[in-house]
Each structure stands twice: as C-alpha cells, then as structure tokens.
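Asker: Provide a 3D model corresponding to the input given below.
(chains A and B, ligands or ions: 2)
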Amino acid sequence: MSSSDLVSFVLVNLKRMKLRASLTILGVVVGTTAIVAMVALGIGLQESFSSQFLSIGSLNDLTVLPGNPNKGGPFSAQIKEVRLDDKLIREISSLDGVKSVIPQVDIGNVSVKVQNYKATSIRIQGFSIKSPVEISKGRLPRRDDSKSIIISGKFGSSLEGKDEVPVSSFMNKQALLKVSRITEDGSEEMRRIRVHVVGIAKEKGTLEDYENMYMPVELAEDIWLWQQDAPNLIKKEGYNSLKVTVVSPAEADSVQKKLEGMNLFVFSMKQILDSLNTFFRVIQAVLGAIGAVALLVASIGIVNTMIMSIYERTREIGIMKATGASNKDIIKIFLSEASVIGLAGGVCGTFLGWLLSKILSALAAFYLSSSGGGGESPISFIVPVWLAVFAIAFATCIGLIAGVYPALRAARLNPLVALRHE
Amino acid sequence: MNQVIAVTDLVRKYSLGEVLVIALNGVSISIERGEFVSIMGASGSGKSTLLNLIGGLDRFDSGKIMVDGLDITSLDENQLAKYRREKIGFIFQSYNLIPTLTALQNVELPLVFSGTPKKDRLLRAEDILRTVGLEKRMGHRPTEMSGGEQQRVAIARALINKPSIILGDEPTGNLDSKTGEEIMELLTWLNKKDGLTIIMVTHDPEKARYADRVIQIKDGRIVG
Ligand SMILES: Nc1ncnc2c1ncn2[C@@H]1O[C@H](COP(=O)(O)OP(=O)(O)O)[C@@H](O)[C@H]1O
Ligand SMILES: [Mg+2]
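Answerer: Numbers count the residues shown, from 1 in each chain, chains lettered A, B, ... in the order given. Ligands and ions are numbered 1, 2, ... in the order given. The predicted structure follows:
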C-alpha cells in the first residue's frame, strides 16, 4: 500500500466517524496545549532569570582569588597560597582563550566631581595598558600619562532627583577624586587627585556600566596602597583578586579548569548560569510532564476510539483480507489512523498552546504594569520552534503508540469470522 | 486441458463445545483450467467450507489443496494474503462491498493492496466496470445501487487482479430470479470469453445448469 493510498483511506474513515474522531482529537489538543503552555512558562522563567542574571556580570569574566577551596580541609595549611603577582598575571595571560588579565584594585571611599556632577561612592578598576578596557568614544590613556581615566558607558545616568547628564558631556573634562583613609590615631586623612576623562568605555550591559571608572593600574594601585597605608602590600602579598576575561563564554570552562589546576579559586558567572540552566531544565521537564499526563489520558481515548471503530468495521476488515490485504496492510491502515488523530491534535494543540502563551504573557505584562510594577514582566511564555516541533511529534507518537494494540487486534482477525460479522 | 485445482482428502472439523462437527470429511476434487463448476448440496453440507478453504480464507485439519501447482497447505498468513490477492477472486452472496467507497474504489481495492500505481489501477478498474456494464455507476456508492449492480461491482473487483480462479458463494442468493439470471449470463460469458475458471456454490438447480459440471456434496462428502 502506498502512503498516498493510506492517507486517502485515513481521511475517508475519519470523515465517517467525524464526531467521535473530533472528540478524540480534542483530548489530544488539550494535552498538547498543556504541554506547550507549561514548557513555554518554564522557558520564559529561565529566559527572564538569565537575562537578569547576565546584567550582573559578563559570562566572559572570571574572578580569580588565591587558594583553591577544593583542596581545603585539615591539610590546607600545608598548601602554600599562590600569590596573585605580576608573574602569575603573565602566566595566566599566556593561557589559551584568555583575552586579558587585570588585577582588581577595588577602591572604596572615593568620591568624584566632574563639572557639576558629584558622586559619593564610585568603583575604580585598574587596567593595564597591554589589555585595556574596550572604549566606545575618546581614546585610551597614553603610556606615560597616568592621570587619564576612562568612565563607564552609563556614568552619571543614575542621578537621583536630577536630570540625567549625558555621558558624553564628561569627555575631556577634569575630574576631582577625593580618597580618604583612617590613620592609626583614628583621624581621617584626605587626598585629592586630579584626573582627566579621555574616553568612555563600551557598554557591557552589566552593572559595571554605571558608576565605574577605569584607570591605569599603576594609578589605581597607588591610590589603594595609600588608602591601606602599606606601601609594600602588593609586593608582599600580591593582589586581592584578578579579573580574567576570556575570548568567548565557550572558553570560560576550560580556562576555569586550568586556573583551578594552578591552585586558584575561580568564581565564574558562566558556571553559576550553567547550574541555573540545569535547574530550569528540570523545572521544564516537570512542567512538561504535567502536560504529558493530560496527553496520556487522551491516548486512552484514542485506544478506545480505535477499538470501537475496528469493531464497527470488522466486516470491512474481512473484505479487505479476502481481497488480498496482508496483516501488514491492516496494521498500517489503523496505525495511520491513530497517528493522524495524534498529529491533528498535536498541530491544533501546539497552535492553541502558542496562542495561550501569547495571551497569558500579555495578561501578565498588563497586570504588572497596571499594578505599578514597571519594567519588564518577569513572567513570559516563550514557545521556541523546537518546542512546537517536539509537541507535534510527541502527540503523533502518542497516537501511534495508542494505535498499536487496536491495529494488532484488527490484523489478527480471522477473515472468515470477520466476514460473518453483523 | 490442464489441472488448476487438486483437492485431496480434505478434512475440516469444528468443535462446538462438546460437539464435534465434521464439515468436510475427506473431499477430493480436481478442476481443469477454464472449467465452470458448480457445487450443489443441501444447507449445512459443507459447500461454503470447501470454497473458503480453496480460497485460502481458513485452515483445515488434514488433506491437501494444490492451486496452479502451489501447495497452499504450507503457506503462512502473509503468503496466504498474497495468494488471495493474486490467484483468487471472491464473489459473495451479500456482495461485501465497502460502503464508504465508490464502485470504482471498491473495484480498485485489490490493486491498492498489490501496490499498483494509481494510474494503471484507474484504467483497469474503469475498463472492467465497462465490461460488466457499469460505466454509468463508477462514482456511485453501494447504497446508491441495486443488488444486481452491486454484485456486478463485486464481480469486477474479483476480476481486477486477473485471478486464476473465481470463487462464488451463492452469488445469486440475494437477487430476484431475473437479475440472478443476468448475473449467471455474465459469469458464463466471462468463462467463455476469457477462459476464466469459475467455481460457484448454489443450491438452486436452475443456476447450476449454467455450469459445465456439477459437483454434489452431502454431509461433507462428494456424492457425484
Ligand atoms: N465457524 C464454524 N463454527 C462451527 N461450525 C461451523 C462453522 N462454519 C461451518 N460450520 C458447520 O459446518 C457445516 C458446514 O457448513 P457450511 O460449509 O457453511 O455449509 P453450507 O455452505 O453447505 O450451507 C455446518 O454443519 C456448519 O454448522
Ligand atoms: Mg454456505
């Protein structure tokens, strides 16, 4: 039997039992809709979580601290902590996949004044001229010029109660940094440093875009050492941490492994995101399984419909066998019929699931905006192509599987007994 | 003339609970190619059972059936289906057409199972429907046709695979005598024109007269 013959057979027979077939298909539609909407919710949750998560930091960045926690325990004292010094920085820089290594000199208690703009607490990061920050405007500090700085792409945009200052208005302006430290006798000392804004960093889409300044690491170190009141601190103990930027997120895992092999503690957004993704996959599977239960119930309906229709068509099966249909032909006919019920339900259900996802997303967004939530809705339903394809294929398979027993029963009918039926 | 069917010592028993019914009790017959044979006997004498066994629709307890040199005793289910598809054309008392299909589609059916391309199928089915005088009924469903017309469709369906044997189980049993005679004339004509081998069960002596030879069966035995 050719497939086109099968198709026309199936269509004729489904048309004949229109009402019963529609009701059976409806069961599949409900199940498929449930699967699609549930998994779409799972995917939506994952997407909104990871996009919020990605705004914290870039997947390209690894933060390196001395000491490997995996080698802790009672013997940890015996392992010498690796010092984060220039030698180590050169070593890490030469690793495959590493784009830049910047000592993290994080300086607190710094306020800044540029033009009329004052910020009381900003973050300062040092960079080395060899692997500078990427800029979108202006230029990088020259080698001999240690008083030039780069400001982050959204610097000045979080002014409270004031109009926003466009970041470009700070270009080529003097900035006054005020750094304070507490001396041994408890009094506060203040140091003023005049710097020059020469460039604006490329936006990363993370928190770093806000009140952040990048300056040559020499200047940053100088400020930090003054603040700590210990001129030889870095030479003696190394840096507190390093920021290792890899070429692409794909390199993050292998670089992290290598760094951990060097007895370093590595914190990576990529790793956290990976485990978060695993968690969300489990959530999606659980949500999908809830929908699948509905589809399984529908499959019982398919079995029932097929058995009834085979009973009613017993005589026809006898006729087909007498005129030369093989058992295989009979099996094919009824398996196709059951699969088409699954397929039809799968297609309609996927469409409905997609529609429902759109509606629920819109409702969630509307509800949040009307209740003054503002910002992006954290609940969205996302139906990717793979989900649609999977749902349709799954429903079709369920139909196929539900058809197996009825089809075998039909094929096993004795032709004479079948012909005598009714 | 050459032999097309050789049945030897055929036995078919049915057990109905405690009771054992011997439907065929050692039947042997031989039929030549191109013969028109009718099988006569009282109701319950085993006529249908014999026909169904020759047609490969059922299993038997002992004996042997050779058709076209093929021993159908040894065939498995799949081979039996192929045998029915290629060698046998059935005509039943109650026509046994599929109600959802048109006359043309019913006639096509055996070729659907043999995997014949749609175009060849249509040509052949139309041709045969014309032969049996139904060129105006091709698109009609069984319920839209008279008994005689339905039986003609069934005959066309039986012919479409160019079978070796046509097996008819009281094909005129549901028809009035005039229509029954028309059907008998059609069968006789096909037998003469194409040299078709026909075995027809009937208990009507009027219809049996159309055959070249009459086989009498009684209580599962050949009696003449
Ligand atoms: N499926 C069956 N189960 C039990 N007994 C059967 C069955 N088919 C036929 N018989 C019995 O076998 C005998 C022959 O039946 P059958 O060949 O149909 O007779 P005929 O066609 O000559 O009227 C009858 O006694 C009938 O009751
Ligand atoms: Mg009978």
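
Asker: On the three-state scheme, A:Ser157 is what?
Answerer: Three-state call for A:Ser157 (DSSP: H, G, I helix; E, B strand; the rest coil): coil.

Asker: ignore the last one, B:Ala156
Answerer: Here B:Ala156 is helix, with the state taken from three-state DSSP.

Asker: what residues are up against it?
Answerer: B:103, B:107, B:125, B:128-129, B:131-132, B:134 (C-beta atoms under 8 Å, 6 or more residues apart in numbering or on different chains). Any C-beta I mention is one placed from the backbone N, CA and C, and that applies to glycine too.

Asker: can you pick the most crowded of those?
Answerer: Neighbour counts for the contacts of B:Ala156 peak at B:Val107, which has 31 neighbours (criterion: other C-beta atoms under 10 Å in any protein chain shown).

Asker: Just checking, which helix or strand succeeds the helix or strand containing that residue along the chain?
Answerer: Assessed by DSSP states H and E, B:Val107 sits inside helix B:103-113. With elements assigned by DSSP H and E, the helix or strand that comes after helix B:103-113 is helix B:118-131.

Asker: neighbouring contacts of that following helix?
Answerer: A:2, A:4-5, B:103-104, B:107-108, B:111-112, B:116, B:135, B:137-138, B:153, B:156, B:159-160.

Asker: Check these for burial and list the buried ones.
Answerer: A:5, B:103-104, B:107-108, B:111-112, B:116, B:137-138, B:153, B:156, B:159-160 (16 or more other C-beta atoms under 10 Å in any protein chain shown).

Asker: May I see these arranged in TSV, with pLDDT and distance to ligand 1 as well?
Answerer: Shown next, in TSV, are those (pLDDT from 0 to 100; distance: C-beta to the nearest ligand atom, whole Å):
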residue	pLDDT	distance to ligand 1
A:Asp5	90	32
B:Ala103	96	28
B:Leu104	96	31
B:Val107	97	26
B:Glu108	95	29
B:Leu111	95	29
B:Val112	95	29
B:Thr116	93	33
B:Arg137	93	30
B:Met138	94	33
B:Val153	97	23
B:Ala156	96	25
B:Leu159	95	23
B:Ile160	96	26
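
Asker: which residue ranges form the strands in chain B?
Answerer: For chain B, applying DSSP state E gives strands covering B:3-16, B:19-32, B:36-40, B:62-67, B:70-71, B:88-91, B:165-169, B:197-202, B:213-218, B:221-222.

Asker: so can I have TSV of those showing mean pLDDT?
Answerer: Putting the strands of chain B into TSV (pLDDT from 0 to 100) gives the following:
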stretch	mean pLDDT
strand B:3-16	94
strand B:19-32	95
strand B:36-40	96
strand B:62-67	96
strand B:70-71	94
strand B:88-91	96
strand B:165-169	96
strand B:197-202	96
strand B:213-218	96
strand B:221-222	96
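
Asker: Chain A: which of these is closest?
Answerer: Closest to chain A of the strands of chain B, according to C-beta to the nearest C-beta: strand B:88-91, at 5.1 Å.

Asker: Parallel or antiparallel, list what pairs with the closest one.
Answerer: Applying DSSP bridges, strand B:88-91 is found paired with strand B:165-169 (parallel).

Asker: now the partner strand and strand B:36-40, what's the angle there?
Answerer: 30 degrees (axes from the mean of the first three to the mean of the last three C-alpha atoms, to 10 degrees).

Asker: quick one on the thing from earlier: from the contact counts, what lies against the helix holding B:Val107?
Answerer: Secondary-structure packing of helix B:103-113 (3 or more C-beta pairs under 8 Å, 6 or more residues apart in numbering or on different chains; DSSP states H and E): helix B:77-87, helix B:118-131, helix B:147-159.

Asker: tell me how far the longest one is from the chain's mean position?
Answerer: It refers to helix B:118-131. Offset of helix B:118-131 from its chain centre (C-alpha atoms, centre = their mean, to the nearest Å): 20 Å.

Asker: before we move on, back to that, need the strands of chain B in CSV with mean neighbour count, can you?
Answerer: Below are the strands of chain B laid out as CSV (neighbours: other C-beta atoms under 10 Å in any protein chain shown):
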stretch, mean neighbour count
strand B:3-16, 16
strand B:19-32, 16
strand B:36-40, 23
strand B:62-67, 18
strand B:70-71, 12
strand B:88-91, 26
strand B:165-169, 25
strand B:197-202, 25
strand B:213-218, 16
strand B:221-222, 18
